[in-house]
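In: pasting the structure only:
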């Protein structure tokens, strides 16, 4: 069954860019912006990550954490984080288990060939671990501003 607003966010345990494991449930009591992206060091993914970095304080001021997830390795995440001075967790999901549980894998075409890859998607999860907003067709430009506006609106209505 596909995830939707009002569903409990699937918990996960995974390694981050630091090599340490985190669980989504570690963040109960805070809002979480959980975003899925295809690949470290690609143009769109780098722009999106840097936009989250540049607006991290605005997100944190809403009692929220940012967690980025992609199928890349811990080493790739560590290098990506260091290269762009990212200030939030990057979760490695090489088995695509987390991506599967959030339903963000889909058919993509690259260089004329079809493959299954990560569809850029963002979830806002409330302090009780419930999904409150989903964007499953993210356009990088303006996305972080949209996330912050939605986060502020959700907090007001809570």
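Out: Received, thanks. Please read these numbers as outputs of a predicted model, since none were measured by experiment.

In: show me the helices in this structure, by range?
Out: With helices called from DSSP state H, the chain shows them at 43-54, 56-60, 74-84, 97-102, 143-157.

In: distance of the residue nearest to residue 2 when sequence neighbours are not counted from residue 86?
Out: In space, and not counting its chain neighbours, residue 2 is closest to residue 103: 5.3 Å by CB to CB, 6 or more residues apart in numbering. To be clear about C-beta, it is placed using only N, CA and C from the backbone, and glycine gets the same treatment. Separation of residue 103 from residue 86 (CB to CB, to the nearest Å): 25 Å.

In: so the two - more neighbours on which side?
Out: Taking other CB atoms under 10 Å, residue 103 and residue 86 do not tie; residue 86 has more neighbours (20 against 17).

In: surely the more buried one touches residue 80?
Out: Yes - contact criterion CB atoms under 8 Å: residue 86 and residue 80 qualify, at 7.0 Å.

In: where does the protein dip in pLDDT?
Out: Applying pLDDT under 70 to the chain flags the ranges 1.

In: off-centre distance for stretch 66-76?
Out: 9 Å (CA atoms, centre = their mean, to the nearest Å).

In: check stretch 5-17 too.
Out: Its chain's C-alpha centre and that of stretch 5-17 lie 10 Å apart, by CA atoms, centre = their mean.

In: what residues of it count as buried?
Out: By 16 or more other CB atoms under 10 Å, the buried positions in stretch 5-17 come out as 9, 10, 12, 14, 15, 16, 17.

In: next: stretch 43-61.
Out: Across stretch 43-61, burial judged by 16+ other CB under 10 Å covers 45, 46, 48, 49, 51, 52, 53, 56, 59.
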